[in-house]
Structure formats: structure tokens, C-alpha cells
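Peer 1: predicted model, plus sequence, below.
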Number of protein chains: 2
Amino acid sequence: MLQVSRPTISDVARAAGVSKGAVSFALNNRPGVAADTRERILAAARELGWTPSSRARALSVSRAFAVGLVLARKPETLRADPFFPSFIAGVEQELAAHDYALLLQVVADQQREHDSYRRLAHGGRVDGVFVTDLLVDDPRIALLAEIGVPAVVVGPALGGGFFPAVGVDDKPGVAAAVQHLIDLGHTRIAHVAGPAAYVHGTSRKQAWAETLAAAGLPEGPCVETDFSAESGAAATRTLLDLAEPPTAVVYANDVMAMAGLAVAHARGVDVPGELSVVGYEDTELAAHVQPPLTSVATDVVAWGGAAARRLLELVDGREATEPDLESPRLVVRASTGAPAR
Amino acid sequence: MLQVSRPTISDVARAAGVSKGAVSFALNNRPGVAADTRERILAAARELGWTPSSRARALSVSRAFAVGLVLARKPETLRADPFFPSFIAGVEQELAAHDYALLLQVVADQQREHDSYRRLAHGGRVDGVFVTDLLVDDPRIALLAEIGVPAVVVGPALGGGFFPAVGVDDKPGVAAAVQHLIDLGHTRIAHVAGPAAYVHGTSRKQAWAETLAAAGLPEGPCVETDFSAESGAAATRTLLDLAEPPTAVVYANDVMAMAGLAVAHARGVDVPGELSVVGYEDTELAAHVQPPLTSVATDVVAWGGAAARRLLELVDGREATEPDLESPRLVVRASTGAPAR
DNA sequence: CGCTCCCTCTAAACCGGTTTAGTGCTGCAG
DNA sequence: CTGCAGCACTAAACCGGTTTAGAGGGAGCG
């Protein structure tokens, strides 16, 4: 494991018989170096196996060439969420193209999250950050504004607009789901909502309520959860126990919807005969449960890419290019059908 | 977004009326600074809101204070895998305690993966790396050895032993699952395996075969998959179509097991009456499908912590402390039962 | 009183790049 | 032949910390 010390730019300079500066110019192919000299320098660099030290570069150009993502989640709620792996994959694709790196932090609570942002941004480890899991009136916005670090809000633009937001608006997706149920003839449509503290919990609930209202239907029952399978199952039991149970339920994510399917199955409630079920996220498993789950799909990878692109633009002070993210689309499968008469 | 230039150590020195060196000593509470001077320096630093520049520190001490994790996965297969979020959470807990950061890269193919490691380690962005998804005869081991970067193999120690391996051996878990089925009276026990190219695909299959052999039972049918729900469903159909279908199936992960449950359900095959099903991973949803899934649970968060600890020890040249990771344990739920006579 | 030793602190080198000011040389116009 | 522009390149400063060599001063000891 002995760390052979890597050749530096000075070694290359000596080998090529020129000065450090000339080497730097040649390697960043900048004008002011004769073609043959440049060739000689590149050859020397290749010969020595020289690689630029990102540490030195970061210091001299005052850039970290990295952006940060802080996840304030407990491991349990993180592992059930298929959003982040996809999102990060999208982010990475874009970052890699610009030789940027992604610095990830997972923190347990909010206080640590703030410290985390401070250390990352203030200490110059990153040039910008993503803000995910946006809360209603999120305190991080003020913090990041105070630190003065470029940031991009991942999700619908409810952050007060101080930072640009890049996100797929989930309202049309939920609206499409509810409309689909209305079209099938349902009139008692319930919602199993995510935490009201989260923007994406609230907005999905709103979309549900608004679509019902627009169709002139009464707002059905709604149960708030923490996005976990456990709470989704509990919510389903609550709904089925109502004097007038709903004939359809729109869940805020797939995991809860699948748990709901299992509860219905265990109780002998036929899906979709007696109960229609809709998820959100269109996870890989959605198509492979019984009955296959109707769900709302979003291209999360593209979303991650767009968010990263916007953040890099912000960091570079470039003009914003408008991302064209496709709207979420409803994937109809066998878990939804006409209500029993 | 105007980037106010942060105060440097020189600013603090000027404010406190001492030299840069003295400030550095005081801030790293090292001997050789008088108590009152130290106090004055700390006060000045606090006053100015000084934060160390990790860039400068990294250059001067020749350390990145970061480790890298490169995931060579397609986004689709990444998002279904609950392993990484948990693992990363565990890694982070440990890294945060030592003020280390995690640099994540997601790359599409193997060539890029190699480039990725090269840039990361050779360029000095990280002080060490994790190697996950170990392949049988993994070429990365040689690459990393050549680069000379400390590395920790995540998983059972089959990497040739050049780098330390930290991992929960999955064999006892699979063995326990197979034994559980044997104890229930099953004799035709199939396996839906992961890709043979992966160490954890191969080792689970081996454990299954060995446990059957040890019990004097014939090796049941085995279908190789790519770990996806789709392939798990297909494998299940293959098995159920056999002239003599198995009475129990051990799946290499939960997602495939759940897809298998759905296939059985769709075909009217009763679980566990006609078919017992065992998963691996014990995902959040496992307890909430119908019937609840018997599965093998591992404390992945602890695993991540142990891997990070070992890597930091390696980076610091410290002695290895033996991690005490608990063995995987079988969580018996309702998807397994005695075979029909 | 003079010497050594220790403690505190300063000056300067260093990490490995980037960037700026400036030098020497060539070539062309006047 | 001189003047000046412009190219190719060098020397040195700079980024912001850490670290080493050494200076200065007071205490303890002979």
C-alpha cells in the first residue's frame, strides 16, 4: 500500500526542459505554446504518468469541483425510497461530463444537517448544493442564503423562489390518477398522504383534493402517514374500517400502495373489484405485484440530470437553460377498475 | 449569490496580532501557545466567522479527507436495490465522526468505472475507496493495487486478499433459510440465483447447494437471474412449469421473491400451502406483502459503518480493529410452511 | 554573572497547481 | 537600420493552510 508520490507538474517541466507555467499552458491547451513544445510537454507528461492534482487545482482556482447532497433521513426511511438512487444516477451522469464530483452526506437530524451544510459549503468542499425533501417553510433556504452558496431546490418551486427549483411537479400525476378513477365511475376516492411537513406530501394531497373538487365530488377521507409501508398498511385498515369505506385509494407512494394491496388481500377485499388502488413512483416492483399496480411514473434520472445541469450553471454563473422534463404519466395496470355497483 | 470571500487564517492572525503559524497552532490546539494568546486567537477566529478551508488543508497535508464509492450499475438496477442507501447511511455515520466526506460516483459501464477510480484516486480526490458488487476475479483489485490506493472490499473476502474485506457472509443466512425449509419437511427446494458473475450471486447459490447436500437431499432446480423483479417473475414461471415443480423456493433477494409471490398468486398457487417462498434482504416491504415474506435480514447500516472504520484505519495506517458484525438472521413469516403431502 | 534550557512565537518554506508580469527574440513596416 | 508588434517562454506571486528552523526572552542553575 506504499503511496508512491505522484509526479508533479514540476517533474514534467524538468523532463520537458521548460518552466512550470509552460506546462500548465500546454496541458490546458491554451495559446502561447509552440506546437512542437506542446507536443514535447504532453509526451513528457504521458511518459511520467502525470495526473493533475485536484487538490492543488482546487486551491489555486478556488473551486472544489464538487457539489453536495445532504440527506436528512433515518436509514430506515431512506432504504425504502427508490427516489434517491435514481436521482443520484441522473445527477452523476451530468456531473461526470463536467468533471465534477458528488459529495454525499447522510445525517440523522436537522441540527446536524445544518452543521453539515455549513462545513461543506463554508469550508469550501463544495461549490453548490442540492436541497431535497423540501419542507414547507424550509429553514435551510435561509441558512444557505446566509452562507452564500449556490443551491438548487429539488422539487416544485415552493422554496420562496430565492434559489432556482428544478422538479417534476407531481400535481398533474396525482390529478391524472384521480381523474382516471373518476372516469371509471368512482365517487368515494380516498387519499393516503405523505407527511404534511413535506412539500411533496402536501402537494400530492392538494392535487387530489382539487381534482375531486373540480369534478364536483366530495372530498373523500384522507389519512396522513410517514411514507412507510407500515403506515400505509395502517392507513388502509383505517379506511376499510370506515362506515362507508372508499371504493378507491390514491397512495402517496408505491410502497404504501403495495402494503395496502396486501391488507386488502388479507381481508378478502377484492382489488380492483371492491377497491381500486393507485400508487405513486412506479417502482420496479409495481408491475410485478398481484394485481399489477396502477401508478404514476416520473423520469427521476432525467430529473437528476436537469437539477445537476442547473446547479452547474449557477456555479459557473451561466445563463439558465430551461430543462424540459416530461410530466409524470399515469401507468394504468390491473389494480384499478370500475367500482362495484 | 455574491460569494463573500471568507476570512483566511491570515486575517485571523492580523486581528489577533500574531503570526499565521501561531494561529494554526492555536486552532489545532497544539502545545506551544500561551493560554491567553490561544484565547485571543480563538476569539478573533470566532469574531471573524473563520472556517478552515478544506481545500488548503487538503493540499498542505496531502490528504483529501474523503473516500470514494463507485457504483457500476445501470440506474434501473440501482433503484430497486435497498442495499446502497442503508450501506451509505452506515458509512456516513462513521465518516462524519472523523470529518471525512463520501464521494459518490455512478458509472454506466466497466471502462468508465476504471477511469473513475483512476481520476478519483490518482488525482488525489480521495484517500481510499470502497469496492462493492465484487465480481469473481474482479479486475478492479489489480487496478487499485497498481494505483496504490487504500481500498476495502465490501463483501465476503474473495478478492484475493490483497485488500481487507469487510462483510457479512451471506452463506449462514441462506443456509438457515434452506435448513428452515428442510425442517418443515421440504425436499424439492429450488433457488432463484443472482448473476453468477457476482460474488454475492455465486456465494448464495453455493450455500443453498451445500446445505442441501449436507442434508442428503438432491440439488433442486436453479435459475439464474439479474436480480430484477422481472427476472424473478420469469424464473418463478419456469420453476412452476417444471414437470415436478419445487415445493419451496429460495430467492437471492426480496424483490424477486415478491415478484414470485405475485406469480404464484396469479396462477392460483397457494403460498405457503403449495409453495413456500423465502427472500433475502428483509426489505421494509417484506413484512407487508401477503403473505408476509420469510427473509434473511442483515444489519447493512452496521456493515457500512464497519467498512468505513476499516477504510479509515487503512488510510491512517492504524491497526485493524476486528469488526463484530452479527450474522444474518432468518426472519420467519407466513410465506413458508410445511409442504402439502 | 553567565550559561543553558525551555517556552513562546515569527519567518519562511512547502503542498501543486494557475496566472500575471515581464523578458528575449523574430519579423515586418517605416 | 531602427522601431515596434507579437510570439514563446520564464520567473515569481498566489491560493490558504501546515510545518520547520530559528529568534528572543525569561527562569533556573552553577
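Peer 2: Great, that's in hand. Numbers count the residues shown, from 1 in each chain, chains lettered A, B, ... in the order given.

Peer 1: helix or strand: which one has residue A:180?
Peer 2: Secondary structure assignment for residue A:180, by DSSP states H and E: helix A:171-184.

Peer 1: typo on my end, residue A:200
Peer 2: Element membership for residue A:200 (DSSP H and E) is helix A:199-214.

Peer 1: who's in contact with residue A:151?
Peer 2: Taking C-beta atoms under 8 Å, 6 or more residues apart in numbering or on different chains as the definition of contact, the neighbours of residue A:151 are A:128, A:129, A:130, A:131, A:144, A:163, A:311, A:314. To be clear about C-beta, it is placed using only N, CA and C from the backbone, and glycine gets the same treatment.

Peer 1: tell me what the residue lying closest to the fourth one once chain neighbours are set aside is bridged to.
Peer 2: What sits nearest to residue A:131 in space, not counting adjacent residues and going by C-beta to C-beta, 6 or more residues apart in numbering or on different chains, is residue A:153, at 4.9 Å. According to DSSP bridges, the partner residues bridging residue A:153 are residue A:131, residue A:165.

Peer 1: so who does residue A:153 touch?
Peer 2: Neighbour list for residue A:153: A:131, A:134, A:141, A:159, A:163, A:164, A:165, A:166, A:167 [criterion: C-beta under 8 Å, 6+ apart].

Peer 1: returning to what we had before: make JSON lines out of the contacts of residue A:151 and add pLDDT.
Peer 2: Converted to JSON lines, those look like this (pLDDT from 0 to 100):
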{"residue": "A:128", "pLDDT": "96"}
{"residue": "A:129", "pLDDT": "96"}
{"residue": "A:130", "pLDDT": "96"}
{"residue": "A:131", "pLDDT": "92"}
{"residue": "A:144", "pLDDT": "92"}
{"residue": "A:163", "pLDDT": "91"}
{"residue": "A:311", "pLDDT": "97"}
{"residue": "A:314", "pLDDT": "95"}
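
Peer 1: what mean pLDDT does the helix holding residue A:180 have?
Peer 2: In this model, helix A:171-184 has an average pLDDT of 97.

Peer 1: swap in stretch A:208-215?
Peer 2: On average, stretch A:208-215 scores 98.

Peer 1: buried ones in that stretch?
Peer 2: When neighbours are counted by 16 or more other C-beta atoms under 10 Å in any protein chain shown, the buried residues of stretch A:208-215 are found to be A:208, A:209, A:211, A:212.

Peer 1: wait, which of the residues you listed is closest to chain B?
Peer 2: When the buried residues of stretch A:208-215 are ranked by distance to chain B (C-beta to the nearest C-beta), residue A:208 comes first, at 22.6 Å.

Peer 1: who touches that closest one in this structure?
Peer 2: Listed by C-beta under 8 Å, 6+ apart, the contact partners of residue A:208 are A:174, A:178, A:189, A:191, A:193, A:222, A:250.

Peer 1: over to the residue in the stretch 101-250 of chain A that DNA strand D sits nearest to: give its phi and psi.
Peer 2: Nearest to DNA strand D, among the residues of the stretch 101-250 of chain A, is residue A:124, at 7.5 Å (C-beta to the nearest atom of the strand). Recorded main-chain torsions at residue A:124 are phi 80, psi 20, according to degrees, to the nearest 10.

Peer 1: contacts for stretch A:31-46?
Peer 2: The contact list for stretch A:31-46, computed with C-beta under 8 Å, 6+ apart, reads A:12, A:15, A:16, A:17, A:18, A:22, A:23, A:25, A:26, A:27, A:29, A:50.

Peer 1: again, only using 7 Å
Peer 2: Counting by C-beta atoms under 7 Å, 6 or more residues apart in numbering or on different chains, stretch A:31-46 makes contact with A:12, A:15, A:16, A:18, A:22, A:23, A:25, A:26, A:27, all of which sit outside it.

Peer 1: likewise stretch A:166-174?
Peer 2: A:152, A:154-156, A:200, A:203-204, A:207-208, A:250, A:280, A:296, A:298, A:303, A:306-307, A:310, A:323, A:325, A:327-328, A:330.

Peer 1: what of stretch A:253-261?
Peer 2: In this structure, residues lying in contact with stretch A:253-261 by C-beta under 7 Å, 6+ apart are A:80, A:192, A:194, A:225, A:227, A:229, A:231-233, A:236, A:249, A:251, A:271, A:277-283, A:285-286, A:289, A:293, A:295, A:335, B:284-285, B:288-289.

Peer 1: now residue A:22, nearest residue through space, not along the chain?
Peer 2: Counting by C-beta to C-beta, 6+ apart, residue A:33 is the residue found nearest to residue A:22 once chain neighbours are left out, at 6.2 Å.

Peer 1: output the contacting helices and strands for whichever helix or strand comes after the helix holding residue A:180.
Peer 2: Next along the chain after helix A:171-184, taking DSSP H and E as the criterion, comes strand A:189-193. Counting contacts by 3 or more C-beta pairs under 7 Å, 6 or more residues apart in numbering or on different chains; DSSP states H and E, the secondary-structure elements packed against strand A:189-193 are helix A:199-214, strand A:222-224, helix A:229-240, strand A:248-251.

Peer 1: cutoff 8 Å now
Peer 2: Identification of packing neighbours for strand A:189-193 by 3 or more C-beta pairs under 8 Å, 6 or more residues apart in numbering or on different chains; DSSP states H and E yields helix A:171-184, helix A:199-214, strand A:222-224, helix A:229-240, strand A:248-251, helix A:254-267.

Peer 1: turn the contacts of residue A:151 into TSV, including distance to residue B:99, neighbour count and secondary structure.
Peer 2: Converted to TSV, those look like this (distance: C-beta to C-beta, whole Å; neighbours: other C-beta atoms under 10 Å in any protein chain shown; DSSP: H, G, I helix; E, B strand; the rest coil):
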residue	distance to residue B:99	neighbour count	secondary structure
A:128	21	26	strand
A:129	18	25	strand
A:130	21	24	strand
A:131	22	23	strand
A:144	21	24	helix
A:163	27	24	coil
A:311	24	28	helix
A:314	27	20	helix
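
Peer 1: mind putting those residues in JSON lines, distance to DNA strand D included?
Peer 2: Rendered in JSON lines, the data for the contacts of residue A:151 read as follows (distance: C-beta to the nearest atom of the strand, whole Å):
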{"residue": "A:128", "distance to DNA strand D": "18"}
{"residue": "A:129", "distance to DNA strand D": "20"}
{"residue": "A:130", "distance to DNA strand D": "25"}
{"residue": "A:131", "distance to DNA strand D": "25"}
{"residue": "A:144", "distance to DNA strand D": "20"}
{"residue": "A:163", "distance to DNA strand D": "24"}
{"residue": "A:311", "distance to DNA strand D": "22"}
{"residue": "A:314", "distance to DNA strand D": "21"}
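
Peer 1: nearest to residue B:95, of these?
Peer 2: residue A:129 (17.5 Å; C-beta to C-beta).

Peer 1: for the closest residue to the closest one other than its chain neighbours, the count of nearby residues, please.
Peer 2: Distances taken as C-beta to C-beta, 6+ apart place residue A:68 nearest to residue A:129, at 4.4 Å, with adjacent residues excluded. Using other C-beta atoms under 10 Å in any protein chain shown, the number of residues around residue A:68 comes to 25.
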